[in-house]
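Novice: sequence below, structure please.
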Amino acid sequence: MEAQEIIYCRGHPLVSGNHPTTFEVTAESHLTSTGNCIIGIAADKGCAGLSAEFKKMLSHDDARLLTRLVCGGTETEIHSHGSSLFTLSHPTDLVWRRSTFVCGRTIGILSDRVAATLPDELIKNLVAEKTMIVTMTATRPG
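Specialist: Model (predicted):
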């Protein structure tokens, strides 16, 4: 069983890609230097805008999330877990976390990549304000 979502966003000159525990994509159209976990802005949806089917699939403790980030010819994958505690309710933000902390912005926990471990070439493309495609595939056994 699987469900998929695709989000379009873009980079910003202030993308630093150095946060050690998370990364974030937001529908907000601005970024400040304190937002060091944010890698994409002006997303076409936040957690609240995800389909009911995708939210249902991801909101189980046995769910897995495969996220593909593609920007300027550079691609990387992130593997995360879902959770029965997910609300996926934030209107603008999606946050992938290395930890198990959950709030309305959390889209993935126990992620194997964070902003600081994303490829340098991907971050360079985002700093150049290129478009990024975020493809998320939620799966469950059975």
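Novice: state whether Ala48 is indeed within a strand.
Specialist: No - judged by DSSP: H, G, I helix; E, B strand; the rest coil, Ala48 forms no part of a strand; its state is helix.
Novice: for it, what are its contacts?
Specialist: By CB atoms under 8 Å, 6 or more residues apart in numbering, the contact list for Ala48 reads Leu88, Ser89, His90, Pro91. Quick note: C-beta positions are derived from backbone N, CA and C, even for glycine.
Novice: got a PyMOL select line for the buried ones in the residues you listed?
Specialist: Of the contacts of Ala48, the buried ones go into a single PyMOL selection, burial set by 16 or more other CB atoms under 10 Å:
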select buried, resi 88+90
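Novice: closest to Leu122 out of the contacts of Ala48?
Specialist: Leu122 has its nearest neighbour among those in His90, at 23.6 Å by CB to CB.
Novice: in what element of secondary structure is that closest one found?
Specialist: For His90, there is no helix or strand it lies in under DSSP states H and E.
Novice: you'd agree it is up against Gly104?
Specialist: Yes - counting by CB atoms under 8 Å, Gly104 is a contact partner of His90 at 4.3 Å.
Novice: mind listing the shared neighbours of the two?
Specialist: Cys47.
Novice: how about the contacts of Ala48 in CSV, adding pLDDT?
Specialist: Output for the contacts of Ala48, formatted as CSV (pLDDT from 0 to 100):
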residue, pLDDT
Leu88, 98
Ser89, 98
His90, 98
Pro91, 98
